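S.K.: Build the 3D model from these lines:
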Amino acid sequence: MHRALCPVETLYVGQRSRAVLSCSLRGHVDVEALSAAFDAVTAQHPTLRSCIVPDGTGHALRLLGEDERPRLVTRTGDEDEAYAAELNRPLPVGGPLTRAVLVSAPDGGRHLFVLLVDHTVTDGHSSIALHNALWNRYRALVDGEGAGGAAAAVSAEPHWPRPVSALLPPADAAETAGYLAGRLEEVRRHPVELVPYDVRRPSATGHRPGADGSGDGHIEVCRLTLDTERTARLRRTARQSGVSVHSLIAAALLTAARRRLDGDGPRTLGCLSPVDLRSRLSPPLPASVMVPAVTTHLQTLEVPGAPDPLELARTVHARLGDFLARGDQFHEMRITPEIPRNPALQLATVIVTNMGVVPGPRLPNGLRAVDVRLVPAREQYFPQAGRSPVMACVVSFEGRLSIEFPHYTACFSPSFTAAFRDDVLDGLLAFANTARPEHVPADLV
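M.R.: The predicted structure follows:
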């Protein structure tokens, strides 16, 4: 059985990007129950037990046979080495669109669980929902609630989720064409500058002779975290300044990027903010529906050599708010198929995702999560380009802000990315330190 991909979903086929959810665990893991839980959640979602196949001029999802379905992989090994390996292991076209791996220490008391999902069938919110649903099912099995075997049965008639592009409100074709023309004129008049790679190519052509430059490195992740107190202070600063935490983070990233460009005068930088459509559809689309339901907002800013970060944050916040108030997020989704012909529509100096505050997994007694992470990864990073956007994946699990900086080591070196991360951290701490105490009335204490 097949389900054709819409033009928006088809873009992800070429990008080969994936969401990488990971959970560091301490305690006992019942491998049989975890395997049954993974089978159960994949049984509920036909997109998770499908592969991508050609379909005329496009692509489609095809259900995998029973012997092809993804199953939990278990092995013994080092947690850090396992994470690095899974981060760099793709989900090839033609194979399963998800993978679940449990790597346990020899003593059986420490584990790393990694869940990867192809972005053709997920976004950040649905991948987090899937991860939590899997652990909810695991907890129920371990606690003896319900029958796991029956839950893993696969329906003979799969209920394919509709693509988000088919759920948008009605629009006039001329209005959409006018929006596209305006966006193309905007990116033509305001081309953005990108951060140059610090890893030098070994030839004047930008790559090794006889190679395309794609196999010279690997994906690593540099990470920034704030504890609950500093996260709360950052949120308080945002509230007191009349902006969002997202805009404060975007300002810190733009400031760090500007420092990597020459000169003291203004430079045109771009900030790309993914925009969740689930809550903005009518009716809203639950996070449990496994489809990509995200569009983007690109804004360009003239950033001087010594910017005022709070003013940057106010500009980012106001422009993104205006974009949403106009309903342009729906136009942006409609013109997404134009991106291969006009990549400048999504070309930015920094890409700042933000999942907001989300819950971590609920686990049974005897097992606890010491860390939860969400990182985007893809197969092609094009070091031969010489420069690119800097990606920051932002999420707050259980009230602790985390920003992941995935990078390809043939483009940005680990030391470069660490220095960039440290600049962003300094900017966020400066914001957090400006938070004023908020007094609670005595009758509310």
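S.K.: Wasn't A19 part of a helix?
M.R.: No. With DSSP: H, G, I helix; E, B strand; the rest coil as the criterion, A19 is assigned strand and is not in a helix.
S.K.: neighbours around the closest residue to it other than its chain neighbours, how many?
M.R.: In space, and not counting its chain neighbours, A19 is closest to S127: 4.0 Å by Cβ to Cβ, 6 or more residues apart in numbering. (C-beta placed from N, C-alpha, C; glycine too.) Using other Cβ atoms under 10 Å, S127 has 26 other residues around it.
S.K.: and if you look at T98?
M.R.: T98 has 27 nearby residues by other Cβ under 10 Å.
S.K.: related to what we said a few turns ago, quick one: contacts for the residue nearest to A19?
M.R.: Listed by Cβ atoms under 8 Å, 6 or more residues apart in numbering, the contact set of S127 reads A19, L21, L115, V117, L374.
S.K.: wait, what's in contact with the first one?
M.R.: What that stands for is A19. Counting by Cβ under 8 Å, 6+ apart, A19 makes contact with L116, V117, H119, T122, D123, G124, S127, L374, V375, P376.
S.K.: wait, what's in contact with the fifth one?
M.R.: This means D123. A19, D276, V291, P292, A293, V294.
S.K.: and which of the contacts of A19 is nearest to F397?
M.R.: Ranked by distance to F397 (Cβ to Cβ), the contacts of A19 are led by L374 at 8.2 Å.
S.K.: Quick one: the helices in the stretch 151-300 of the chain, in order.
M.R.: Counting by DSSP state H, counting those that start in this stretch, residue ranges of the helices within the stretch 151-300 of the chain are 173-189, 228-241, 245-258.
S.K.: can the ones you listed go into JSON lines with extra columns for mean pLDDT?
M.R.: Shown next, in JSON lines, are these (pLDDT from 0 to 100):
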{"stretch": "helix 173-189", "mean pLDDT": "97"}
{"stretch": "helix 228-241", "mean pLDDT": "96"}
{"stretch": "helix 245-258", "mean pLDDT": "98"}
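S.K.: Quick one: those as CSV, columns for mean neighbour count and distance to L87 too.
M.R.: Shown next, in CSV, are those (neighbours: other Cβ atoms under 10 Å; distance: least, Cβ to Cβ, whole Å):
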stretch, mean neighbour count, distance to L87
helix 173-189, 13, 32
helix 228-241, 17, 25
helix 245-258, 26, 22
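S.K.: Identify each buried residue in stretch 421-429, please.
M.R.: Neighbour-count burial for stretch 421-429, with 16 or more other Cβ atoms under 10 Å as criterion, is recorded at R421, D423, V424, L425, G427, L428.
S.K.: Just the ones in helices from the residues you listed, please.
M.R.: R421, D423, V424, L425, G427, L428 (DSSP state H).
S.K.: What is the nearest of the residues you listed to S50?
M.R.: Among these, and counting by Cβ to Cβ, the member closest to S50 is R421, at 36.4 Å.
S.K.: Could I get the contacting residues of the closest one?
M.R.: C222, R223, L224, I403, F405.
S.K.: Tell me which two of these sit farthest apart.
M.R.: Greatest spatial distance among the contacts of R421 (Cβ to Cβ): C222 and I403, at 9.2 Å.
S.K.: Tell me which stretches of the stretch 201-350 of the chain form strands.
M.R.: Applying DSSP state E, counting those that start in this stretch to the stretch 201-350 of the chain gives strands spanning 219-225, 267-276, 294-303, 350-358.
S.K.: Make JSON lines from these and add mean neighbour count, mean pLDDT and distance to A174 to it.
M.R.: Formatted as JSON lines, those follow (neighbours: other Cβ atoms under 10 Å; pLDDT from 0 to 100; distance: least, Cβ to Cβ, whole Å):
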{"stretch": "strand 219-225", "mean neighbour count": "18", "mean pLDDT": "97", "distance to A174": "43"}
{"stretch": "strand 267-276", "mean neighbour count": "21", "mean pLDDT": "97", "distance to A174": "24"}
{"stretch": "strand 294-303", "mean neighbour count": "20", "mean pLDDT": "97", "distance to A174": "20"}
{"stretch": "strand 350-358", "mean neighbour count": "20", "mean pLDDT": "92", "distance to A174": "31"}
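S.K.: Closest to R183 out of the contacts of D123?
M.R.: Set against R183, the nearest of the contacts of D123 by Cβ to Cβ is V294 (17.4 Å).
S.K.: roughly how far apart are that closest one and V29?
M.R.: Using Cβ to Cβ, to the nearest Å, V294 is found at 32 Å from V29.
S.K.: With R16 instead?
M.R.: Here the criterion is Cβ to Cβ. By it, R16 lies 30 Å from V29.
S.K.: and the helix or strand hosting E9, what other elements does it pack with?
M.R.: Secondary structure assigned from DSSP states H and E places E9 in helix 7-15. Identification of packing neighbours for helix 7-15 by 3 or more Cβ pairs under 8 Å, 6 or more residues apart in numbering; DSSP states H and E yields strand 58-63.
S.K.: Just the CA trace of the strand it packs on, in PDB.
M.R.: These are the backbone C-alpha positions of strand 58-63, laid out as PDB (Å, rounded to 0.1, in the frame of the first residue of the first chain):
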ATOM      1  CA  GLY A  58       7.600  12.300  -7.200                       C
ATOM      2  CA  HIS A  59       7.800   9.900  -4.200                       C
ATOM      3  CA  ALA A  60       5.500   7.900  -2.100                       C
ATOM      4  CA  LEU A  61       5.500   6.000   1.200                       C
ATOM      5  CA  ARG A  62       5.200   2.200   0.800                       C
ATOM      6  CA  LEU A  63       4.300  -0.100   3.700                       C
END
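S.K.: which other helices and strands contact the helix or strand that comes right after that strand?
M.R.: Sequence-wise, the next helix or strand downstream of strand 58-63 (DSSP H and E) is strand 73-76. Here strand 73-76 touches strand 98-104, going by 3+ Cβ pairs under 8 Å, 6+ apart.
S.K.: Quick one: the contacts of R421 as CSV, columns for distance to D67 too.
M.R.: Formatted as CSV, the contacts of R421 follow (distance: Cβ to Cβ, whole Å):
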residue, distance to D67
C222, 40
R223, 38
L224, 43
I403, 41
F405, 39
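S.K.: one step back: switch the buried residues of stretch 421-429 over to TSV; also include distance to E302.
M.R.: As requested, the buried residues of stretch 421-429 are exported to TSV (distance: Cβ to Cβ, whole Å):
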residue	distance to E302
R421	25
D423	20
V424	21
L425	25
G427	19
L428	23
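S.K.: before we move on, the earlier item: the residue nearest to A19 looks like it's in a strand, true?
M.R.: No. Read with three-state DSSP, S127 is helix and lies in no strand.
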